[in-house]
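> return a 3D structure for these sequence lines:
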Amino acid sequence: MTRTSAPGTATVSWSPLVAACMGAFMLLVDVTIVMVALPGITADLNLSFTDAQWLLDGYALALAALLLAAGSYADHAGRRRVYLAALALFALASLACGLAPSAELLLAARVVQGTAAAAMMATTLALISATYHGRQRGIAFGVWGGVNGAAAAIAPVLGGLLTEHLHWRAIFLVNLPITLVAAWLTLRSVEESRLPGGARLDRSGMVTFTLAAGALTYGLIEAGEHGWAAARTLGPLGVAVAAFAAFLVIESRHPNPMLDLRLFAGRSFSGIMAGAALLMPAAFACLAFTSLWLQQDLRLGPVMAGLALSPMAATSLLVSVAVSRLLPGLSPRTALGGGLLLVGAGAFLQGLLGEHSDWTALAPGLVVTGVGVGLAVPALSSAAMAYAPPQRAGMAAGTVNTVRQLGYALAIALLGLLYRGGEGYVALNDVYRASAVTGVVAGLLVLAAVTAGKAR
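Modelled structure (predicted):
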């Protein structure tokens with residue numbers, strides 16, 4: 001078996017990269033693959049609208065809330081060990097999802113699946129960074145980014161094919177053979193890596209951040225079901241405020257914080273984080289409700305619904321590859337700020353549906369949004385690391401992924417309030433208009449913050 005050699009030599013094993021990319025592919029596919037299967041799952045297990053939101057949000061929330069904590073723990077316990085444990089847990093949770101006889105068990109298994117996904121996402125980049133050096137590391141990161149884009153492009157169509165020609169349970173069970181191969185490759189070719197030293201883990205920060213994120217999302221979803229004045233809404237929102245305040249105090253005093261708050265002292269970094277958080281509501285969260293409209297109102301099958309959503313993902317993948325080849329010197333400010341403005345414009349175009357509109361009416365807006373996503377998403381991590389101190393580059397990249405996934409979870413809850421408040425295309429137009437405003441605001445924030453940061 002070949003191993004990665006020292007920088008400058010030619011012998012390189014790409015098995016560790018394949019192992020890491022397989023995990024990244026699975027966890028990202030599972031963020032969105034459920035969208036086109038949602039009507040079938042709802043019918044089979046008698047899910048309410050709130051249950052359907054939790055089916056998407058349980059995974060995304062666990063992924064967002066535990067990502068920083070998982071990365072911090074893996075740095076101390078060993079990234080290979082944590083990645084293998086996460087693969088095993090992901091496989092078991094996927095099996096539980098595929099066999100779940102009730103909505104309650106399915107929702108619980110999705111949360112466990114998201115927990116495993118957090119550990120997988122936190123370790124894949126770290127394993128690649130520790131394994132490859134010099135030019136090989138750049139190639140490996142490029143492949144990893146391409147796999148991320150491919151996951152977004154494939155998920156809706158793959159979900160439709162599995163749901164229509166097999167069963168919605170197949171979207172979870174398909175993870176099992178992929179997980180086994182990824183674990184085998186990891187055992188065979190990936191060496192252990194961890195941070196030197198014995199720095200104390202920020203357990204209090206992990207607990208308070210997770211509690212704040214979970215309580216906030218729970219409160220927002222309950223607001224749609226019971227109203228803003230209900231105890232089931234106000235209680236969790238109060239817990240979220242208290243837990244987040246405690247998190248800020250803990251992080252400001254901890255000698256080895258999970259999140260160094262000093263990163264946000266820079267306007268540029270803060271603006272980029274705001275853009276990362278708002279990107280998901282503007283570009284992706286609305287697709288869940290679009291899938292419901294396509295299948296419940298237009299009566300499309302899962303495959304056609306997946307194909308109807310594919311122009312955005314396909315365009316974003318093509319644009320991200322083209323920009324990396326043709327415009328390698330494009331500044332993160334331009335790519336991220338301009339990309340977010342295009343995402344807002346695309347959402348506006350999608351929000352022009354009429355009573356007799358069919359799925360083709362979505363295509364122009366999806367293409368424009370895809371161009372924006374193709375510009376913005378690849379620039380996020382590089383922009384965050386560019387405006388963070390070098391010794392905090394890993395934390396900056398982890399923070400980007402955390403706020404992205406948390407933005408998605410919160411957006412599902414908030415946009416769900418709009419969608420359930422109307423009917424058919426009218427409700428979907430409201431969702432897209434909110435997404436359009438979010439995208440434009442995010443783009444202007446990034447452009448203004450980075451400009452102000454440079455001027456200081």
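> ranges for the helices of the stretch 201-350 of the chain?
Assigned by DSSP state H, counting those that start in this stretch, the stretch 201-350 of the chain shows helices spanning 203-226, 231-253, 267-283, 285-292, 302-326, 332-350.
> elements contacting the third one?
Counting by 3 or more CB pairs under 8 Å, 6 or more residues apart in numbering; DSSP states H and E, the packing neighbours recorded for helix 267-283 are helix 332-350, helix 363-386, helix 393-419, helix 424-455. Every C-beta, even on glycine, is put in place using the N, C-alpha and C of the backbone.
> keeping just the C-alphas, turn that helix into PDB.
Taking Å, rounded to 0.1, in the frame of the first residue of the first chain, the C-alpha atoms of helix 267-283 are listed here in PDB:
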ATOM      1  CA  ARG A 267     -15.500  43.700  10.800                       C
ATOM      2  CA  SER A 268     -14.600  41.700   7.800                       C
ATOM      3  CA  PHE A 269     -14.800  38.400   9.600                       C
ATOM      4  CA  SER A 270     -18.100  39.300  11.200                       C
ATOM      5  CA  GLY A 271     -19.500  40.300   7.900                       C
ATOM      6  CA  ILE A 272     -18.500  37.100   6.300                       C
ATOM      7  CA  MET A 273     -20.100  35.100   9.200                       C
ATOM      8  CA  ALA A 274     -23.300  37.000   8.700                       C
ATOM      9  CA  GLY A 275     -23.200  36.200   5.000                       C
ATOM     10  CA  ALA A 276     -22.600  32.500   5.700                       C
ATOM     11  CA  ALA A 277     -25.500  32.400   8.100                       C
ATOM     12  CA  LEU A 278     -27.900  34.100   5.700                       C
ATOM     13  CA  LEU A 279     -26.800  32.200   2.600                       C
ATOM     14  CA  MET A 280     -28.700  29.000   3.600                       C
ATOM     15  CA  PRO A 281     -32.000  30.800   4.200                       C
ATOM     16  CA  ALA A 282     -31.700  32.700   0.900                       C
ATOM     17  CA  ALA A 283     -30.600  29.700  -1.300                       C
END
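> quick one, that helix and helix 285-292 angle?
Angle, helix 267-283 to helix 285-292, by axes from the mean of the first three to the mean of the last three CA atoms, to 10 degrees: 0 degrees.
> equivalent analysis for the last one, please.
For helix 332-350 and helix 285-292, the angle between their directions (the same axes, to 10 degrees) works out to 30 degrees.
> tell me what helix 332-350 is packed against?
Partner elements for helix 332-350 (3+ CB pairs under 8 Å, 6+ apart): helix 267-283, helix 285-292, helix 363-386, helix 424-455.
> after the strand or helix carrying residue 93, next one along is what?
Here residue 93 sits within helix 79-99, counting by DSSP states H and E. Tracing the chain C-terminally past helix 79-99 and defining elements by DSSP H and E, one meets helix 103-131 next.
> so where's the stretch 101-250 of the chain uncertain?
Scanning the stretch 101-250 of the chain for pLDDT under 70 picks out 134, 137-138, 141-142, 145-146, 149, 152-153, 195-201, 224-225.
> same question for the stretch 251-400 of the chain.
In the stretch 251-400 of the chain (pLDDT under 70), the answer is 324, 326-329, 381-382, 385-394, 397.
> just read off the phi/psi values of residue 190.
Per-residue torsions, residue 190: phi -100, psi 130 (degrees, to the nearest 10).
> what is the burial count for it?
The number of residues packed near residue 190 is 23, by other CB atoms under 10 Å.
> if I look at it, how far off is residue 376?
31 Å (CB to CB, to the nearest Å).
> likewise for residue 219?
Separation of residue 219 from residue 376 (CB to CB) stands at 29 Å.
> contacting residues around residue 27?
63, 90, 116, 117, 120, 121 (CB atoms under 8 Å, 6 or more residues apart in numbering).
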